[in-house]
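**Q** show me how the following folds:
(chains A, B, C and D)
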Protein chains: 2
Amino acid sequence: MHTVAARAGVSIASASRVLNGVGGGPETVRKVHAAAEVGYVPNAVARSLQSQRTGLVALAVEDLGNPVYAAMTRAVEEIVAASGRQLLVHATGGRVDDERALLRRLANRHVDGMIASLIRVTEEHLAAIGDSPVPVVVVGRLGADAAVDNVRTDSRAGVALAVDHLLAAGRRRIGFVNGPLDTVPGAARAAGFRAALAARGVEFDDRLVEVGDFRYDAGRAATERLLARARPDALLCADVLIAVGALHALLAAGHRVPDDVALVGMDDTELARMVFPQLSSVSLGSAERGRRAAELLLQRIAEPGLPPRREQVPPRLVVRASSAAPSAVPTVAVPGPLELGARGR
Amino acid sequence: MHTVAARAGVSIASASRVLNGVGGGPETVRKVHAAAEVGYVPNAVARSLQSQRTGLVALAVEDLGNPVYAAMTRAVEEIVAASGRQLLVHATGGRVDDERALLRRLANRHVDGMIASLIRVTEEHLAAIGDSPVPVVVVGRLGADAAVDNVRTDSRAGVALAVDHLLAAGRRRIGFVNGPLDTVPGAARAAGFRAALAARGVEFDDRLVEVGDFRYDAGRAATERLLARARPDALLCADVLIAVGALHALLAAGHRVPDDVALVGMDDTELARMVFPQLSSVSLGSAERGRRAAELLLQRIAEPGLPPRREQVPPRLVVRASSAAPSAVPTVAVPGPLELGARGR
DNA sequence: GACTCCCCCGGAAACGTTTACGGGTTGCAG
DNA sequence: CTGCAACCCGTAAACGTTTCCGGGGGAGTC
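**A** Model prediction:
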């Protein structure tokens, strides 16, 4: 900038004004533009220091490799990039102390805001968010009293959708492969499962419930443990990766899907359409939640005074072959028709 | 900082020194720490302005939802986070002008370096990288004369691995579903395919070749076009998403895999193990390339004077059910055993 | 012709740090 | 007691912008 001003024979202030398009006489504009043509680019850090905003937005998720978070990250990136900002990603691995460290680092104002997808929410999380000088939007369920922008789904209702669907198909011994119970979604889905069974007058049998991590290997291993001691005629899985693991465990154990065991996953993603048989899933709208969270954050950055908002993305049951009624199952191994336009950017 | 200094009754300089752990008398240290305890956090932007580094590293990939790039992003994030830096991600959608804009924006020194995974490399790319004041590492094949840090694989050799494998299994009419020919990997794989066939004395038949995008839908549609006019006994796909699309097209058309048509994909990812039958794939080490690129970048940030380096991750063929010899195919639909430790962080 | 208004420009302060420099104090040795 | 070194600390400059403020000049109005 100094160089540009000198070369144009004007003051630094004038050069800055011209390059920002505010003010400047015609002659000055011409000279400054001529002087800057040769390759001046403003220093973003200095500009941030002055303007008190960095144009950066952070996103913290558990695991970038999980298709659920990949979909969420992609959706967030799209919105953030469209606003002219850039996206910073953090993989927390679900480690609560890492998350707290991230939230505390917000105080250094390195980013204009943050979207935190939390599966374990502690008091310290909320305290750090409350203290943060920059806005934070939480994706995931929070306590009713938390004054924080929040995008959530209703996984209890989602579980109920799946349970009703399986019961309506005549299944009675519904197994459940859940994620860790000390996570918010794990706990919610466990509670939802018991509640849904109770609401339909079906007896709860804890031998039909198994717990693992939200991962393929863990889901497969958990399902193997479950199958070793019980005989479900349907299986509900708390995650798409768990569901694929369960599918493989079922097939490897010689069970036909859905004839012997119907299978429903949660967190519908492209992956659900890619396995065979294609997986019925309760969509929890991970991309949609990411999109909404990004929009909330951008709005709040623009208008910090807004009251805290809470948005809910309703779950939606997508029925595919893995839980179709046995009569409807094609006799040959044929994936469904190509669903055009199902994605793509 | 000003406040801390005032509260401690020392100068701003002393406060800064103490908080950075350099110098400071015992009494001063005590007072400053006491004054800072109540919640001082340094402003990262101001520090960056002074220190001329931001602690940020950027990664540009085509699509965050593609499992290949998800794996790469995860690997990069891991290395970058371990070095105490943060990762900025960009989804370019393969749009060359977006990529160029990103590269040019590097001039504003907002990040300390960048990893660019390019599928189309133009002269302007190289020019922008050459002009960049911060280091850039390119993932993907570059011309031999480009003086740029570079991590690549050898997809021609990868294609040859797959072709040899299929020929050894007795297949003769090998189809090829490629990505766009105006991308570097698409062109390299097309050339590799012809070369591999020629090297084995197999005649090239262009009715067995089809082109689509590196996506599921496109791969499925391209395979349907190919099947409508030709009768391959094996299919090689240039990408894992294309391969899954091809698998579904084959099954939907009534072909058995691998009995009627053997299938091999490229870019091995977790997804290849999740479909049925599990996909044989040529691993191009996407996570490994990400890891190496991140390491190269960090080294160069530490030592800018190094000569440009070039690393190559060799392709590796992973044979699974989709291309097993027909005799080895289990008669029931059973995924292979659980491969423990295949991933997880 | 004087006054007002407006526009344009340059000087300088500000953003929040780090760090070079120099003055002062202390301690030790001769 | 003096000289020297070591050590602390504060002042101020620097990082590269943006923006406030005041001065100067031109045009318009009475």
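
**Q** need the residues of chain A near DNA strand C, please.
**A** Residues of chain A lying near DNA strand C by Cβ under 7 Å from any atom of the strand: A:9-14, A:17, A:23-25, A:27-28, A:46, A:49-50, A:52. Bear in mind the C-beta positions are built from the backbone N, C-alpha and C, glycine included.

**Q** buried ones among the residues you listed?
**A** Buried members of the residues of chain A next to DNA strand C, counted by 16 or more other Cβ atoms under 10 Å in any protein chain shown: A:Val10, A:Ser14, A:Arg17, A:Gly24, A:Thr28, A:Ala46, A:Leu49.

**Q** with respect to B:Asn150, which of those is nearest?
**A** Within those, distances to B:Asn150 taken as Cβ to Cβ reach their minimum at A:Ala46, with 31.8 Å.

**Q** list the contacts of that closest one.
**A** Counting by Cβ atoms under 8 Å, 6 or more residues apart in numbering or on different chains, A:Ala46 makes contact with B:Leu49.

**Q** can the host helix or strand of it be said to contact DNA strand D?
**A** Assigned by DSSP states H and E, A:Ala46 belongs to helix A:44-51. Yes: contact between helix A:44-51 and DNA strand D, assessed by Cβ under 7 Å from any atom of the strand, occurs at A:Ala46, A:Arg47, A:Leu49, A:Gln50, A:Ser51.

**Q** C-alpha coordinates for that helix, CSV please?
**A** In CSV, the C-alpha atoms belonging to helix A:44-51 read as follows (Å, rounded to 0.1, in the frame of the first residue of the first chain):
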residue,chain,number,x,y,z
ALA,A,44,-5.6,-9.7,4.8
VAL,A,45,-4.2,-9.9,8.3
ALA,A,46,-3.7,-6.1,8.6
ARG,A,47,-7.1,-5.5,7.2
SER,A,48,-8.6,-8.0,9.7
LEU,A,49,-6.8,-6.2,12.5
GLN,A,50,-8.4,-3.0,11.5
SER,A,51,-11.8,-4.2,10.6
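
**Q** DNA strand D contacts on chain A?
**A** A:1-2, A:12-13, A:16-17, A:19-20, A:22, A:41-43, A:46-47, A:49-51.

**Q** got CSV for the buried ones among the residues of chain A next to DNA strand C, with pLDDT too?
**A** Below are those laid out as CSV (pLDDT from 0 to 100):
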residue, pLDDT
A:Val10, 91
A:Ser14, 91
A:Arg17, 92
A:Gly24, 76
A:Thr28, 90
A:Ala46, 94
A:Leu49, 94
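
**Q** which strands and helices sit next to the helix or strand A:His90 falls within?
**A** Element membership of A:His90, judged by DSSP H and E, is strand A:86-91. With contacts taken as 3 or more Cβ pairs under 8 Å, 6 or more residues apart in numbering or on different chains; DSSP states H and E, strand A:86-91 sits against strand A:56-61, helix A:67-82, helix B:67-82, strand B:86-91.

**Q** winner for burial among those?
**A** A comparison of the helices and strands packed on strand A:86-91 by mean neighbour count, using mean count of other Cβ atoms under 10 Å in any protein chain shown, puts strand A:56-61 on top with a mean of 25.

**Q** where are the low-confidence patches of chain A?
**A** Applying pLDDT under 70 to chain A flags the ranges A:325-345.

**Q** strands of the stretch 151-300 of chain A, start to end?
**A** Using DSSP state E, counting those that start in this stretch, the strands of the stretch 151-300 of chain A run over residues A:174-178, A:209-211, A:234-237, A:262-266, A:280-283.

**Q** of those strands, which stretch is the most buried?
**A** Greatest burial across the strands of the stretch 151-300 of chain A, using mean count of other Cβ under 10 Å, falls to strand A:234-237, with a mean of 31.

**Q** for that strand, C-alpha coordinates in CSV please.
**A** Only the C-alpha atoms of strand A:234-237 are listed here, as CSV (Å, rounded to 0.1, in the frame of the first residue of the first chain):
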residue,chain,number,x,y,z
ALA,A,234,-35.4,-56.7,12.7
LEU,A,235,-32.5,-54.5,13.5
LEU,A,236,-32.5,-50.7,14.0
CYS,A,237,-29.0,-49.0,13.9
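
**Q** picking that back up, the helix holding A:Ala46: how far from the chain's middle?
**A** Offset of helix A:44-51 from its chain centre (Cα atoms, centre = their mean, to the nearest Å): 31 Å.

**Q** I'd assumed A:Ala243 was in contact with A:Phe214.
**A** No: with contact defined as Cβ atoms under 8 Å, A:Phe214 does not reach A:Ala243; the gap is 10.6 Å.

**Q** these two: which has the busier surroundings?
**A** Neighbour count, other Cβ atoms under 10 Å in any protein chain shown: between A:Phe214 and A:Ala243, A:Ala243 has more, with 30 against 26.

**Q** got the contact list for that one?
**A** With contact taken as Cβ under 8 Å, 6+ apart, A:Ala243 is in contact with A:Val177, A:Gly219, A:Cys237, A:Leu263, A:Val264, A:Gly265, A:Met266, A:Ala272, A:Leu279, A:Ser281.

**Q** the fourth one pairs with what?
**A** Here A:Leu263 shows beta-bridge partners A:Leu235, assigned using DSSP bridges.

**Q** thought A:Val257 was touching it, still the case?
**A** Yes: counting by Cβ under 8 Å, A:Leu263 touches A:Val257, with 5.3 Å between them.

**Q** shared neighbours of those two, which are they?
**A** Residues touching both A:Leu263 and A:Val257 (Cβ under 8 Å, 6+ apart): A:Leu247, A:Leu250, A:Ser322.

**Q** out of these, name the ones that lie in helices.
**A** Applying DSSP state H to the shared contacts of A:Leu263 and A:Val257, the entries found in helices are A:Leu247, A:Leu250.

**Q** okay, now the domains of chain A?
**A** The record's domain parsing of chain A by automatic domain parsing lists A:2-42, A:53-152+A:286-314, A:155-284+A:318-323.

**Q** does the first one come close to chain B?
**A** Yes: Domain A:2-42 lies within reach of chain B by Cβ under 8 Å from any Cβ of the partner chain, at A:Gly39, A:Val41, A:Pro42.
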